[in-house]
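J.: Curious how this folds, go ahead:
(2 chains)
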Amino acid sequence: EDQVTQSPEALRLQEGESSSLNCSYTVSGLRGLFWYRQDPGKGPEFLFTLYSAGEEKEKERLKATLTKKESFLHITAPKPEDSATYLCAVQAVRSGGSYIPTFGRGTSLIVHP
Amino acid sequence: KAGVTQTPRYLIKTRGQQVTLSCSPISGHRSVSWYQQTPGQGLQFLFEYFSETQRNKGNFPGRFSGRQFSNSRSEMNVSTLELGDSALYLCASSLDLRVGTEAFFGQGTRLTVV
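T.: Reported below is the predicted structural model:
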(Lines give C-alpha, C1' and ligand atoms only; values in the text may rest on other atoms or scores of the structure.)
Protein backbone atom coordinates (compact mmCIF):
# COMPACT_ATOMS: atom_id res chain seq x y z
CA GLU A 1 0.00 0.00 0.00
CA ASP A 2 1.28 3.44 -0.90
CA GLN A 3 2.28 5.60 2.04
CA VAL A 4 3.08 9.29 2.26
CA THR A 5 4.39 10.84 5.47
CA GLN A 6 4.89 14.55 5.90
CA SER A 7 6.95 16.21 8.59
CA PRO A 8 6.79 18.23 10.64
CA GLU A 9 3.04 18.34 11.22
CA ALA A 10 3.31 22.01 12.13
CA LEU A 11 6.01 24.60 11.68
CA ARG A 12 6.27 28.15 12.97
CA LEU A 13 8.81 30.46 11.38
CA GLN A 14 9.76 34.06 11.68
CA GLU A 15 9.56 36.10 8.52
CA GLY A 16 12.79 35.58 6.61
CA GLU A 17 13.70 32.35 8.42
CA SER A 18 14.25 29.71 5.71
CA SER A 19 13.29 26.08 6.31
CA SER A 20 12.30 22.83 4.62
CA LEU A 21 9.25 20.59 4.69
CA ASN A 22 9.69 16.87 4.19
CA CYS A 23 7.58 14.33 2.34
CA SER A 24 8.73 10.73 2.54
CA TYR A 25 6.98 8.10 0.47
CA THR A 26 6.74 4.36 -0.06
CA VAL A 27 5.25 3.49 -3.41
CA SER A 28 5.78 1.06 -6.24
CA GLY A 29 5.88 2.53 -9.68
CA LEU A 30 5.99 6.24 -8.87
CA ARG A 31 4.64 8.27 -11.75
CA GLY A 32 4.59 11.67 -10.12
CA LEU A 33 4.93 13.54 -6.83
CA PHE A 34 2.87 16.66 -6.28
CA TRP A 35 2.98 19.60 -3.92
CA TYR A 36 -0.11 21.64 -3.13
CA ARG A 37 -0.82 24.61 -0.92
CA GLN A 38 -4.12 24.81 0.94
CA ASP A 39 -5.45 27.91 2.65
CA PRO A 40 -8.17 27.63 5.32
CA GLY A 41 -11.61 27.18 3.80
CA LYS A 42 -10.26 26.65 0.31
CA GLY A 43 -9.34 23.76 -1.93
CA PRO A 44 -5.69 22.84 -2.53
CA GLU A 45 -3.74 24.92 -5.04
CA PHE A 46 -1.29 23.12 -7.32
CA LEU A 47 2.37 24.07 -6.88
CA PHE A 48 4.67 21.47 -8.50
CA THR A 49 4.89 18.06 -10.13
CA LEU A 50 8.14 16.11 -9.90
CA TYR A 51 8.64 12.96 -11.92
CA SER A 52 12.10 11.52 -11.24
CA ALA A 53 14.88 11.55 -8.64
CA GLY A 54 17.15 14.53 -8.98
CA GLU A 55 14.48 16.77 -10.42
CA GLU A 56 14.03 20.26 -8.96
CA LYS A 57 11.42 22.96 -9.57
CA GLU A 58 11.18 26.52 -8.31
CA LYS A 59 8.44 29.06 -7.93
CA GLU A 60 9.09 32.36 -6.19
CA ARG A 61 10.32 31.50 -2.66
CA LEU A 62 9.56 27.78 -3.05
CA LYS A 63 11.83 25.05 -4.37
CA ALA A 64 10.85 21.39 -4.55
CA THR A 65 13.34 18.54 -4.85
CA LEU A 66 12.91 14.78 -5.25
CA THR A 67 14.95 11.74 -4.30
CA LYS A 68 14.02 8.06 -4.56
CA LYS A 69 12.50 8.10 -1.08
CA GLU A 70 11.50 11.66 -0.27
CA SER A 71 10.81 15.15 -1.46
CA PHE A 72 11.63 18.45 0.15
CA LEU A 73 9.86 21.75 -0.17
CA HIS A 74 12.37 24.47 0.64
CA ILE A 75 11.00 27.86 1.61
CA THR A 76 13.50 30.68 1.31
CA ALA A 77 12.96 33.90 3.29
CA PRO A 78 9.26 33.18 3.89
CA LYS A 79 6.67 35.91 4.26
CA PRO A 80 3.45 35.83 6.31
CA GLU A 81 1.47 35.22 3.12
CA ASP A 82 3.25 31.87 2.78
CA SER A 83 1.30 30.66 5.81
CA ALA A 84 -0.82 27.68 4.72
CA THR A 85 -0.97 23.91 4.86
CA TYR A 86 1.34 22.27 2.35
CA LEU A 87 0.23 18.90 1.01
CA CYS A 88 2.30 16.28 -0.72
CA ALA A 89 0.79 13.56 -2.92
CA VAL A 90 2.14 10.66 -4.96
CA GLN A 91 0.61 9.04 -7.99
CA ALA A 92 1.53 5.47 -8.80
CA VAL A 93 0.43 2.84 -11.24
CA ARG A 94 -2.00 0.37 -9.76
CA SER A 95 -3.05 -3.00 -11.10
CA GLY A 96 -5.12 -2.50 -14.16
CA GLY A 97 -3.12 0.56 -15.13
CA SER A 98 -5.04 3.04 -13.02
CA TYR A 99 -3.42 5.96 -11.21
CA ILE A 100 -4.64 6.62 -7.67
CA PRO A 101 -3.22 9.64 -5.84
CA THR A 102 -2.24 9.24 -2.19
CA PHE A 103 -1.93 12.35 -0.06
CA GLY A 104 0.06 13.04 3.07
CA ARG A 105 -1.56 14.71 6.09
CA GLY A 106 0.16 17.99 5.35
CA THR A 107 2.43 20.44 7.15
CA SER A 108 0.76 23.49 8.66
CA LEU A 109 3.10 26.44 8.22
CA ILE A 110 2.73 29.71 10.09
CA VAL A 111 5.06 32.58 9.30
CA HIS A 112 5.13 35.35 11.88
CA PRO A 113 5.92 38.93 10.81
CA LYS B 1 -11.33 32.19 -16.49
CA ALA B 2 -13.91 30.79 -14.12
CA GLY B 3 -12.63 28.25 -11.62
CA VAL B 4 -14.13 25.00 -10.42
CA THR B 5 -17.55 25.56 -8.90
CA GLN B 6 -18.98 23.29 -6.24
CA THR B 7 -22.51 23.49 -4.93
CA PRO B 8 -23.75 23.70 -2.32
CA ARG B 9 -20.97 25.10 -0.12
CA TYR B 10 -22.51 23.84 3.09
CA LEU B 11 -24.95 21.05 3.80
CA ILE B 12 -26.44 19.51 6.92
CA LYS B 13 -28.06 16.11 6.60
CA THR B 14 -29.48 13.53 8.97
CA ARG B 15 -28.02 10.06 9.37
CA GLY B 16 -29.63 7.66 6.92
CA GLN B 17 -30.45 10.30 4.32
CA GLN B 18 -28.76 10.61 0.97
CA VAL B 19 -27.02 13.62 -0.56
CA THR B 20 -25.97 14.79 -4.01
CA LEU B 21 -23.09 17.21 -4.53
CA SER B 22 -22.37 19.03 -7.76
CA CYS B 23 -19.16 20.10 -9.48
CA SER B 24 -18.77 22.28 -12.56
CA PRO B 25 -15.22 22.01 -13.95
CA ILE B 26 -13.22 24.66 -15.70
CA SER B 27 -14.37 25.11 -19.28
CA GLY B 28 -12.53 22.69 -21.53
CA HIS B 29 -11.50 20.34 -18.75
CA ARG B 30 -12.71 16.79 -19.28
CA SER B 31 -11.42 15.09 -16.14
CA VAL B 32 -13.14 15.49 -12.78
CA SER B 33 -11.95 13.91 -9.54
CA TRP B 34 -13.60 13.81 -6.15
CA TYR B 35 -11.89 13.76 -2.74
CA GLN B 36 -12.94 13.52 0.88
CA GLN B 37 -11.00 15.58 3.42
CA THR B 38 -11.26 14.97 7.16
CA PRO B 39 -9.01 15.97 10.06
CA GLY B 40 -8.43 12.32 10.91
CA GLN B 41 -7.75 10.83 7.48
CA GLY B 42 -6.59 13.82 5.48
CA LEU B 43 -7.35 14.04 1.79
CA GLN B 44 -8.56 10.78 0.27
CA PHE B 45 -9.30 10.03 -3.36
CA LEU B 46 -12.86 8.93 -4.12
CA PHE B 47 -13.07 8.56 -7.91
CA GLU B 48 -12.20 10.16 -11.21
CA TYR B 49 -14.31 10.61 -14.32
CA PHE B 50 -13.25 11.34 -17.86
CA SER B 51 -15.60 11.58 -20.83
CA GLU B 52 -18.53 10.36 -18.73
CA THR B 53 -16.69 7.18 -17.68
CA GLN B 54 -15.27 6.36 -14.26
CA ARG B 55 -11.55 5.80 -14.82
CA ASN B 56 -10.21 5.42 -11.29
CA LYS B 57 -11.78 4.55 -7.95
CA GLY B 58 -10.49 4.81 -4.39
CA ASN B 59 -11.24 2.56 -1.43
CA PHE B 60 -14.66 3.80 -0.43
CA PRO B 61 -17.85 1.75 0.08
CA GLY B 62 -20.47 1.48 -2.61
CA ARG B 63 -22.58 4.11 -0.83
CA PHE B 64 -20.34 6.63 -2.58
CA SER B 65 -21.07 6.97 -6.26
CA GLY B 66 -20.70 9.52 -8.97
CA ARG B 67 -21.36 10.36 -12.56
CA GLN B 68 -20.27 12.76 -15.22
CA PHE B 69 -22.43 14.40 -17.83
CA SER B 70 -21.65 15.16 -21.46
CA ASN B 71 -20.75 18.76 -20.56
CA SER B 72 -18.18 17.39 -18.06
CA ARG B 73 -20.18 18.51 -15.04
CA SER B 74 -20.11 15.89 -12.34
CA GLU B 75 -22.18 14.84 -9.37
CA MET B 76 -21.38 12.59 -6.47
CA ASN B 77 -23.96 10.86 -4.35
CA VAL B 78 -23.70 9.42 -0.88
CA SER B 79 -26.53 7.17 0.23
CA THR B 80 -27.46 6.08 3.74
CA LEU B 81 -25.36 8.77 5.35
CA GLU B 82 -23.31 7.94 8.43
CA LEU B 83 -21.88 10.32 11.02
CA GLY B 84 -18.41 9.50 9.73
CA ASP B 85 -19.29 10.90 6.32
CA SER B 86 -19.05 14.41 7.76
CA ALA B 87 -16.22 15.97 5.79
CA LEU B 88 -15.14 18.51 3.24
CA TYR B 89 -15.79 17.08 -0.23
CA LEU B 90 -13.53 18.50 -2.88
CA CYS B 91 -13.77 18.33 -6.62
CA ALA B 92 -10.82 18.89 -8.94
CA SER B 93 -10.77 19.30 -12.69
CA SER B 94 -7.97 18.86 -15.18
CA LEU B 95 -7.56 18.86 -18.92
CA ASP B 96 -6.91 15.14 -19.24
CA LEU B 97 -5.80 12.01 -17.41
CA ARG B 98 -2.06 12.31 -17.99
CA VAL B 99 0.00 12.03 -14.82
CA GLY B 100 1.19 15.42 -13.69
CA THR B 101 -1.57 17.35 -15.43
CA GLU B 102 -2.33 20.29 -13.18
CA ALA B 103 -5.49 19.79 -11.15
CA PHE B 104 -7.62 22.75 -10.11
CA PHE B 105 -9.67 22.31 -6.96
CA GLY B 106 -12.97 23.89 -6.04
CA GLN B 107 -13.64 25.33 -2.60
CA GLY B 108 -15.46 22.22 -1.54
CA THR B 109 -18.78 21.28 0.00
CA ARG B 110 -18.79 21.03 3.77
CA LEU B 111 -21.13 18.15 4.67
CA THR B 112 -22.25 17.70 8.25
CA VAL B 113 -24.19 14.57 9.16
CA VAL B 114 -26.15 14.76 12.41
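J.: Please list the residues of chain A that sit near chain B.
T.: Within chain A, the positions near chain B by C-beta under 8 Å from any C-beta of the partner chain are A:31-32, A:34, A:41-46, A:49, A:51, A:87, A:89, A:91, A:98-106. Using the backbone N, CA and C atoms, a C-beta is placed for each residue, glycine as well.
J.: now those residues: which count as buried?
T.: A:31-32, A:34, A:43-44, A:46, A:49, A:87, A:89, A:91, A:99-106 (16 or more other C-beta atoms under 10 Å in any protein chain shown).
J.: sec struct for the residue lying closest to residue A:13 once chain neighbours are set aside, please.
T.: Closest residue in space to residue A:13, ignoring its immediate chain neighbours: residue A:111 at 5.1 Å, by C-beta to C-beta, 6 or more residues apart in numbering or on different chains. Classification of residue A:111 using DSSP: H, G, I helix; E, B strand; the rest coil returns strand.
J.: Also residue B:60?
T.: With three-state DSSP as the basis, residue B:60 sits in coil.
J.: Give the bridge partners for residue 109, please.
T.: Looking at chain A here, since you left the chain open. Taking DSSP bridges as the rule, residue A:109 bridges to residue A:11, residue A:84.
J.: wrong one, chain B
T.: Bridge pairing for residue B:109 (DSSP bridges) gives the partners residue B:89.
J.: likewise the one 4 residues further on?
T.: With beta bridges defined as DSSP bridges, residue B:113 has these partners: residue B:13.
J.: what about it, how many neighbours?
T.: Per other C-beta atoms under 10 Å in any protein chain shown, the neighbour tally for residue B:113 reads 19.
J.: From what I see, residue A:109 and residue A:75 are in contact.
T.: Yes - Residue A:109 is within contact range of residue A:75, at 7.4 Å (criterion: C-beta atoms under 8 Å).
J.: joint contacts of the two?
T.: A:13, A:21, A:82 (C-beta atoms under 8 Å, 6 or more residues apart in numbering or on different chains).
J.: Look up how far residue A:21 lies from the last one.
T.: As defined by C-beta to C-beta, to the nearest Å, residue A:82 lies at a distance of 11 Å from residue A:21.
J.: OK, contacts around the closest residue to chain B within chain A?
T.: Proximity of chain A to chain B (C-beta to the nearest C-beta) peaks at residue A:43, 3.0 Å away. By C-beta under 8 Å, 6+ apart, the contact set of residue A:43 is B:4, B:90, B:92, B:105, B:106, B:107, B:108.
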